[in-house]
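Asks: give me a model of this one.
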Amino acid sequence: MADEGEPVDETTSYGLRPPAAAPPGGVPTQRDEQLPVRLLGGRYRLIARLGHGGMGTVWRAYDEVVEREVAVKEPRLPEQVAERERENLTQRMRRKARAAARIDHPSVVTVHDVVLEQGRPWLVMELVRGESLAEVLDSGTLEGREAARIGLAVLDALAAAHEAGVLHRDVKPANVLLGRNDRVVLTDFGIARVEGEQGLTETGSFVGSPEYIAPERVLGRRPGPESDLWSLGVLLYCAVEGVSPFRRNTTPATLQAVLSADPPVPARGKGPLATLIMQLLRKEPSARPDAGEARQVLRGIVSPPQPHPGSAPTRAFAGYGGNGHGGAGDRSGLPGRLLPAGRRARAGLGGGLAAVVVLAVLAVLLNPFGGDGGLPAHWEVRDENSVVALSIGMPQGYDRTVPEVDETVENPVRIIDYDSPDRLYRITVWHWAGEERDPLVAAGDQFVSDRGNSDYGENDGGYSAREFRGHPAAEMEFLFVWRGAEEGTPRTLRRSLFVGNKDTGEMWRMQVRMPGEPGAARDLGEELFDEVVEHLRIPGLDRSGDPPGEE
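Replies: Okay, here's the model as predicted:
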């Protein structure tokens, strides 16, 4: 990193590489530098070239009015270019200034002025001294907490930009500067899209860096804040792994990878950071965490909560409602279950779930690989052998309801419902005696019945075979909205386990009903299902014979 008094070869406010060193015996001085103009706009005196790139050259300059050093970007306009294309490039430079100037945030480079010189808009901005993240990564990867610290600053800069109606559209390590006093600065809004402006196109070119471009932009869809968050996910991946998971030998191959390749889970950035990265890289924009959710996770990594003195360390557990035993901030260390990238997604969880998202996101992400095989903290065992012939583990505080049974029917189905205190989640258990069907057949019959039920509107789902403690079983998912629901109503997901005992002629179905839209609330429901299955004990089907939580 250059000291303040050094004249050249610093990374600039726009992340451009410094010029190559001159050969021995011919090192240029500031006076030898070929300056395009001496005094820009009658105010900014160019001193030395700091760096250059495809879109222009950045100069160190001195503002003779306020007596400070600044960075000045000279736009590069190709000589052999049509007049219309030249106007496009000029407009983009002006847009760069407008975009950055309307964002007031310490992690966004400050634009001081725009000067028209030689028919081109020159940008005058603060001189940020430091290295780009790309240069740092040339020397090696970052540890998880440092990557999270940098990612948090970039996220806050993006949030400020989005609030101002600006999409960055080129988030990458070369556009992130690591300055003095741990300052992180997001630079280069050169291809930013400003809300309300007509878009510009470039003939025969793709705007942005292919390996950091979100899938929806590759497909030509209108980008949103989620597109910048995708790029942040790739940036974080690079920070801990050293390379983009989508980089290929050619641009078409890279873009195809962005659209279809499932990136491997980062090996170096384990735990909540890896989980967040994978969620930011979901192909469907509405399935990605929003800025608020991502911020909470990154803050938890940078400044993890400290346990109270004298208290035993516990795994965080929140989001299933809580009942005073540990409160909403505790949650068992449920293993992170990343949703398949191909799942259909719709926008938003709905306003009624906003509070759950805030409470639940840390629960899903802070300790996704925790768990010691026992009953999670603040869970309990419900012995329901007298009603549905099993024992079941679940979070404390769920309300139990036993619907009335028609005892006049031979082998009636017996049911128990358990509702979370916030009523977002319901666990239901059915028990049939004298049931001859195979679990997979039962799941298929139920799926066909649900698909044909006129109470449901648009729906989707499926079923498949699985095992339960070494015994044949089946799983079914049913995603739906009620018929007649208002447009935009969030969907509901029902996830069920079917398991039978051929020796006794019994069958059980355990279902978890949860919010169906992608996000923290659904993630919690998915984790709840997996953990309930793990702690389900059915006499004759439990190889260990131990009650839940005592393996």
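Asks: how about low-confidence regions in the protein?
Replies: Applying pLDDT under 70 to the chain picks out residues 1-37, 53-55, 77-81, 93, 96-97, 99-100, 189-208, 305-373, 542-551.
Asks: let's see the host helix or strand of Met278 as PDB, backbone CA atoms only.
Replies: In the assignment (DSSP states H and E), Met278 maps to helix 272-280. Presented in PDB, the C-alpha positions along helix 272-280 are these (Å, rounded to 0.1, in the frame of the first residue of the first chain):
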ATOM      1  CA  PRO A 272     -23.000 -19.300   8.400                       C
ATOM      2  CA  LEU A 273     -20.900 -17.500   5.800                       C
ATOM      3  CA  ALA A 274     -20.900 -20.400   3.500                       C
ATOM      4  CA  THR A 275     -24.700 -20.800   4.000                       C
ATOM      5  CA  LEU A 276     -25.300 -17.100   3.300                       C
ATOM      6  CA  ILE A 277     -23.100 -17.200   0.100                       C
ATOM      7  CA  MET A 278     -25.000 -20.200  -1.200                       C
ATOM      8  CA  GLN A 279     -28.300 -18.500  -0.500                       C
ATOM      9  CA  LEU A 280     -27.200 -15.300  -2.300                       C
END
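Asks: count of neighbours near Arg483?
Replies: For Arg483, the count of nearby residues is 12 (other CB atoms under 10 Å). Where you see a C-beta, it was placed from the backbone N, CA and C, and this is true even at glycine.
Asks: wait, I meant Val448
Replies: Counted by other CB under 10 Å, the residues lying close to Val448 total 11.
Asks: shouldn't it be within a helix?
Replies: Yes: the assignment for Val448, made by DSSP: H, G, I helix; E, B strand; the rest coil, places it in a helix.
Asks: contacting residues for it?
Replies: Residues near Val448 by CB atoms under 8 Å, 6 or more residues apart in numbering: none.
Asks: check which helices and strands the host helix or strand of Glu527 is in contact with.
Replies: Using DSSP H and E, Glu527 sits within helix 520-534. With contacts taken as 3 or more CB pairs under 8 Å, 6 or more residues apart in numbering; DSSP states H and E, helix 520-534 sits against helix 354-365, strand 391-395, strand 492-501, strand 506-515.
Asks: cutoff 6 Å now
Replies: In this structure, helix 520-534 makes packing contacts with helix 354-365, strand 506-515, judged by 3 or more CB pairs under 6 Å, 6 or more residues apart in numbering; DSSP states H and E.
Asks: which positions within that helix qualify as buried?
Replies: Neighbour-count burial for helix 520-534, counted by 16 or more other CB atoms under 10 Å, picks out 520-529, 531-534.
Asks: now for the helix or strand just after that helix, which elements pack on it?
Replies: Toward the C-terminus, helix 520-534 is succeeded by strand 536-537 as the next helix or strand (DSSP H and E). Using 3+ CB pairs under 6 Å, 6+ apart, no helix or strand is in contact with strand 536-537.
Asks: ok, 10 Å please
Replies: Counting contacts by 3 or more CB pairs under 10 Å, 6 or more residues apart in numbering; DSSP states H and E, strand 536-537 is packed against strand 391-395.
Asks: check which element follows the strand it packs on along the chain.
Replies: Sequence-wise, the next helix or strand downstream of strand 391-395 (DSSP H and E) is strand 399-401.
Asks: next secondary structure after that following strand?
Replies: Heading C-terminal from strand 399-401, the first helix or strand you meet, by DSSP H and E, is strand 414-419.
Asks: what strands flank the helix or strand just after that following strand, and is each parallel or antiparallel?
Replies: Helices and strands here follow DSSP H and E; after strand 414-419, the next one along the chain is strand 426-433. Strand 426-433 pairs in its sheet with strand 414-419 (antiparallel), strand 506-515 (antiparallel), by DSSP bridges.
Asks: thought Val234 was touching Val154, still the case?
Replies: No: look at Val154 against Val234 with CB atoms under 10 Å: they stay out of range, at 11.6 Å.
Asks: any idea how this protein splits into domains?
Replies: Listed domain ranges for the chain are 39-126, 131-199+207-302, 324-551 (source: automatic domain parsing).
Asks: most packed of these?
Replies: Mean neighbour count (mean count of other CB atoms under 10 Å) peaks for domain 131-199+207-302 among those, with a mean of 20.
Asks: pull up the distance across that one, start to finish.
Replies: Taking CA to CA, to the nearest Å, domain 131-199+207-302 runs 21 Å from one end to the other.
Asks: now swap in stretch 126-137 and tell me
Replies: Counting by CA to CA, you get 24 Å between the two ends of stretch 126-137.
Asks: repeat that for stretch 268-284.
Replies: Stretch 268-284: ends 25 Å apart by CA to CA.
Asks: next one: stretch 490-506 to chain centre, how far?
Replies: 32 Å (CA atoms, centre = their mean, to the nearest Å).
Asks: can you show me the strands along the stretch 51-200 of the chain?
Replies: In the stretch 51-200 of the chain, the strands defined using DSSP state E, counting those that start in this stretch lie at 56-63, 68-75, 111-117, 120-126, 131-132, 166-167, 176-178, 184-186, 193-194.
Asks: which residue sits farthest out from the middle of this structure?
Replies: Taking CA atoms, centre = their mean as the measure, the residue most remote from the mean C-alpha position of the chain is Thr408, 53.3 Å away.
Asks: of the strands paired with strand 426-433, which approaches Leu255 most closely?
Replies: strand 506-515 (33.2 Å; CB to CB).
Asks: gap between the closest one and the chain center?
Replies: So, by CA atoms, centre = their mean, the centroid of strand 506-515 is 29 Å from its chain's centroid.
Asks: CA atoms of it as CSV?
Replies: The C-alpha coordinates for strand 506-515 follow below in CSV (Å, rounded to 0.1, in the frame of the first residue of the first chain):
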residue,chain,number,x,y,z
GLU,A,506,-50.2,-49.5,11.0
MET,A,507,-49.3,-46.3,9.1
TRP,A,508,-48.3,-42.9,10.3
ARG,A,509,-48.1,-39.6,8.5
MET,A,510,-46.2,-36.7,10.1
GLN,A,511,-46.6,-33.3,8.4
VAL,A,512,-45.2,-29.8,9.0
ARG,A,513,-47.2,-26.9,7.5
MET,A,514,-45.0,-23.8,6.9
PRO,A,515,-44.8,-20.6,4.9
